[in-house]
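Give me a 3D structure for the following:
(chains A and B, ligands or ions: 2)
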Amino acid sequence: MKLEARSVGWATGARRIVQDVSFEVTPGETFGLIGPNGSGKSTLLRLLAGLLARPSGAVLLDGEPLTSLSRRDIAQNIAVVEQIAETSEALSVRDVVELGRTPWLSALRPFGAQDRVIVNDALEAVGMAHMTQHRWATLSGGERQRVQIARALAQRPRLLMLDEPTNHLDIHHQLSLLRLVGNLPVTVIIALHDLNQAMGCDRLAVMDEGRMVACGPPGEVLDAARLASIFRVKATRLRDPADNATIFRFQCPGE
Amino acid sequence: MTDVTAPGASRRARGLWIAQGAALLLLAILAGVIVGETPLPLSTVAASFANHLWNAGLAVDPIDAGIIWSYRLPRTLVAAACGAGLALSGVVLQALVRNALADPYLLGVSAGAGAGAVAVTILGVGGGLLGISGGAFIGAALAFAVVAMLARAAGGGSAQLVLAGIAGSQLFNALTSFLIAKSANAEQARGLMFWLLGNLSGVRWPDVILAAPVTVIGFLICLWFARAMDAFSFGVSSAASLGIAVRQVQIMLIGAVTLMTATMVSLVGSIGFVGLVIPHAMRFVVGPRHARLVPASALAGAVFLILADIASRMLIPGQVVPIGVVTALVGAPGFAMILVRNRRRL
Ligand SMILES: Nc1ncnc2c1ncn2[C@@H]1O[C@H](COP(=O)(O)OP(=O)(O)OP(=O)(O)O)[C@@H](O)[C@H]1O
Ligand SMILES: [Mg+2]
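Ligands and ions are numbered 1, 2, ... in the order given. Take a look at the predicted model:
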């Protein structure tokens, strides 16, 4: 699914959190958002999903303005995994993943056999199928994150928005999640902190103080000058002799 | 891993649950009709029902028939409707504000309804059953708005909501007392005070005709939005991203709660703890999903209030204990348990 942001922005009180962000994401692309803490990545993702009140600018899904779509229409196309998700309800893993079917169901179209298959597939995909009866409150941080991702997969979206989906995962699950996401036949917008992981995206947008300061292929966007000025690190490019992949080594300036 | 339950089996299981629930409710209603100061044998009750429902023409002592048909049956039915309505109100509020302590009584909605009902009774505007219920509705909606705005202005947390509810309750209860002190004569005042504690003694058929449809409508609205209430588990923003039209759902559900609470308060006064304790107890039995929690809470609330009404009649021989006192005696320890269980989440 194609997504277009036209001069998108959001302010609270007098403070502009995100301003004047424009870009286009093409169908099937994996589009990364990077930037320091507080630079506006999460806010931008919420704006793109239509979850913030009083946005400025416009977001278009396949050419349709988001504001002209119902919440249900949007949810049938976009699934969002937020940075933080908490509940005090005693929901099981399966309950949470079943929530992903919500936009497809109604009082007249109840949960059925096909939905059960989709939910099982999603649980399988994140490696949580052996824990379906566990309570949310008893899960570890990484398990919660995987369950939320399974919930988003069960939504069967055409566009998946992930806000730092790997920050609680062990290294194996980080890599397998990124591979899973990369192999999905859907468009993905993903906020990441690990710049080496960000290298795996098709394109990257760099956020700084609410503005998009660069957008393009990872190799072009992540140059030493930009890493020094925005992320305040000294970066050295290294080459893995095994497959010639580029990796970064970071140091604090002055080290 | 597969989890294949045949849809036919789950439908049959659901049918069984519904049948058991209906049987339990009928048993409770029967108990409410049989048990009282003058216990009536089942045969008399059955004969009287047969006479009324099918014109059977069986011989029943007219006094017994009167007690059964004009007094105990409407009273029991209103108790059932109120219990279900209050429990449903608790379920909805707890889902919408994601707070284990949300309930129409604690959030001041009952107090607002009471103030509205008293205002109409004393000032005589409107008058009549519908007038009083209308006043209660306006009072309840007003209390809702005041408490919600106060909680929001205070920062919108769980603790803020409960504190705002306390402030709202105090305000509207004070308003009620002021109205009574200012305008009611001594006899009116005693009647109103007794009614405010929760009292089913004066209940007759017109009350049933108001209470039953309101509860049925409220129940259907809750059932219709069961999945939407599930979607609120992770918060409003997550509900929106799951395709819930948050504002519309909130308006419909809060409208249903206001309607149910206002109707129940205008009929039987303010009865606490049902909306709080019943949904929590039912979460233990059927789990947190609303497709089950809604019917289970409605049923349990109905049965609980019928039993509480029987207790209120039987506890002290020859005297009626206000039903609100009975529910508080059972509910306050239940409330304490909820507090302890939720100590880390509030
Ligand atoms: N609702 C809000 N009200 C006030 N300020 C907000 C609000 N939401 C976000 N902010 C502020 O906007 C800035 C950007 O927040 P955002 O969560 O988008 O950053 P981020 O790039 O996702 O950061 P992180 O890497 O830490 O997740 C922060 O300084 C935050 O304090
Ligand atoms: Mg963030």
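
When you work out contacts or count neighbours from here on, use the C-alpha atoms and nothing else.
Fine.

For B:Tyr105, which three-state class applies?
With DSSP: H, G, I helix; E, B strand; the rest coil as the basis, B:Tyr105 sits in coil.

tell me which element residue 162 falls in.
Since no chain was named, I'll use chain A. Element membership for A:Leu162, per DSSP states H and E: strand A:159-163.

ah, I was thinking of chain B
According to DSSP H and E, B:Val162 maps onto helix B:158-183.

got the buried residues for that helix?
Neighbour counts over helix B:158-183 (16 or more other Cα atoms under 10 Å in any protein chain shown) mark B:158, B:160-169, B:171-173, B:175-177, B:179-180 as buried.

From A:Gln83, how far off is A:Ile149?
11 Å (Cα to Cα, to the nearest Å).

So between these two, which is more surrounded?
A:Ile149 (28 against 15; other Cα atoms under 10 Å in any protein chain shown).

about what we covered before: which residues are in contact with each of A:Ile149 and A:Gln83?
A:Pro165 (Cα atoms under 8 Å, 6 or more residues apart in numbering or on different chains).

So which residue is dead centre in the chain?
By default, I'm working from chain A. Relative to the mean C-alpha position of chain A, the nearest C-alpha, by Cα atoms, centre = their mean, is the one of A:Leu162, at 1.5 Å.

not quite, I wanted chain B
Geometric middle of chain B (Cα atoms, centre = their mean) lands on B:Leu86, at 1.9 Å.

Apart from its chain neighbours, what residue comes closest to that one?
Distances taken as Cα to Cα, 6 or more residues apart in numbering or on different chains place B:Gly275 nearest to B:Leu86, at 4.9 Å, with adjacent residues excluded.

Tell me, please, where in the chain the pLDDT is lower than the cut-off.
Went with chain A since none was named. Within chain A, the segments meeting pLDDT under 70 span A:255.

ah, no, chain B please
Scanning chain B with the threshold set as pLDDT under 70 gives B:1-9, B:125-129, B:342-346.

Pick out the residue of it closest to chain A.
B:Gly243 (3.9 Å; Cα to the nearest Cα).

A:Leu69 is in contact with that residue, correct?
No: B:Gly243 lies out of contact with A:Leu69 (Cα atoms under 8 Å); the separation is 10.7 Å.

So between those two, which is more surrounded?
Neighbours were tallied for B:Gly243 and for A:Leu69 using other Cα under 10 Å; the higher tally belongs to B:Gly243 (25 against 13).

From A:Val93, how far off is that one?
20 Å.

what do you get for B:Ser237?
20 Å.

Quickly find the element holding the residue of chain A found nearest chain B.
In chain A, the residue that lies nearest chain B is A:Arg72 (3.9 Å; Cα to the nearest Cα). Using DSSP H and E, A:Arg72 sits in helix A:71-77.

Put the alpha carbons of that helix into PDB.
Only the C-alpha atoms of helix A:71-77 are listed here, as PDB (Å, rounded to 0.1, in the frame of the first residue of the first chain):
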ATOM      1  CA  ARG A  71     -11.400   4.200  11.800                       C
ATOM      2  CA  ARG A  72     -12.500   0.700  10.700                       C
ATOM      3  CA  ASP A  73     -11.300   1.200   7.100                       C
ATOM      4  CA  ILE A  74      -8.000   2.500   8.400                       C
ATOM      5  CA  ALA A  75      -7.600  -0.400  10.800                       C
ATOM      6  CA  GLN A  76      -8.200  -2.900   8.000                       C
ATOM      7  CA  ASN A  77      -5.200  -1.400   6.200                       C
END
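
Which strands border the helix or strand just after that helix, and is each parallel or antiparallel?
The element immediately downstream of helix A:71-77 (helix or strand, assigned by DSSP H and E) is strand A:78-81. Looking at strand A:78-81 with DSSP bridges, its partner strands are strand A:159-163 (parallel).

Show me the strands in chain B, by range?
All residues of chain B lie outside strands when identified by DSSP state E.

Show me which residues of chain B are close to chain A?
B:1-3, B:7, B:98, B:224-225, B:227-228, B:230-231, B:233-235, B:237, B:240-245, B:287-289, B:345 (Cα under 8 Å from any Cα of the partner chain).

among those, which are in helices?
B:Pro7, B:Trp224, B:Arg227, B:Ala228, B:Asp230, B:Ala231, B:Ser237, B:Ala240, B:Ser241 (DSSP state H).

Can you select the buried ones among these for me in ChimeraX?
Only the buried entries of those go into this ChimeraX selection, using 16+ other Cα under 10 Å:
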select /B:227,228,230,231,237,240,241
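
the domain parsing of chain A - what is it?
Domain segmentation of chain A under automatic domain parsing yields A:3-222, A:223-255.

out of these, nearest to ligand 1?
Nearest of the domains of chain A to ligand 1, taken as Cα to the nearest ligand atom: domain A:3-222 at 3.2 Å.

Going along the chain, name the helices of the stretch 151-255 of chain A.
With DSSP state H, counting those that start in this stretch, the ranges of helices along the stretch 151-255 of chain A come out as A:171-183, A:195-198, A:218-221, A:224-230.

what's the neighbour count on residue 29?
Picked chain A for this. 19.

right idea, wrong chain: chain B
There are 23 residues near B:Ile29, going by other Cα under 10 Å.

One more: the one 4 residues further on?
Counted with other Cα under 10 Å, the burial measure for B:Val33 works out to 26 neighbours.

coming back round to it: residues touching the residue nearest to the centre of chain B, list them.
Counting by Cα under 8 Å, 6+ apart, B:Leu86 touches B:Pro104, B:Met260, B:Thr261, B:Met264, B:Val274, B:Gly275, B:Gly301.

B:Tyr105 now?
Applying Cα under 8 Å, 6+ apart, the residues near B:Tyr105 are B:Ala111, B:Ser270, B:Ile271, B:Gly272, B:Phe273, B:Gly275.

Surely the last one and B:Leu93 touch.
Read it as B:Gly275. No: between B:Gly275 and B:Leu93 there is no contact under Cα under 8 Å: 9.1 Å.

which residues are common contacts for those two?
B:Asp103, B:Pro104.

who's more crowded, these two?
B:Gly275 (32 against 24).

Distance of the more buried one relative to B:Phe335?
For B:Gly275 relative to B:Phe335 (Cα to Cα), the value is 11 Å.

Could you do B:Leu259 as well?
In terms of Cα to Cα, B:Leu259 sits 24 Å off from B:Phe335.

Same check on A:Leu204?
Separation of A:Leu204 from B:Phe335 (Cα to Cα): 52 Å.

higher neighbour count, these two?
A:Leu204 (27 against 17).

Give me the neighbour count for the residue lying closest to that one once chain neighbours are set aside.
Spatial nearest neighbour of A:Leu204, chain neighbours left out: A:Gly32 (4.5 Å); criterion: Cα to Cα, 6+ apart. Counted by other Cα under 10 Å, the residues lying close to A:Gly32 total 28.

so which helix or strand takes in A:Gly32?
strand A:30-34.

is ligand 1 contacted by that strand?
No: Strand A:30-34 lies apart from ligand 1 when judged by Cα under 6 Å from any ligand atom; the minimum separation is 7.8 Å.

Outside of the next helix or strand after that strand itself, list whatever touches it.
Proceeding N to C from strand A:30-34, the next assigned helix or strand is helix A:41-48, under DSSP H and E. Contact with helix A:41-48 is made by A:5, A:8-10, A:17-18, A:33-35, A:52, A:55, A:59, A:82-83, A:161, A:163, A:191, A:207, as judged by Cα under 8 Å, 6+ apart.
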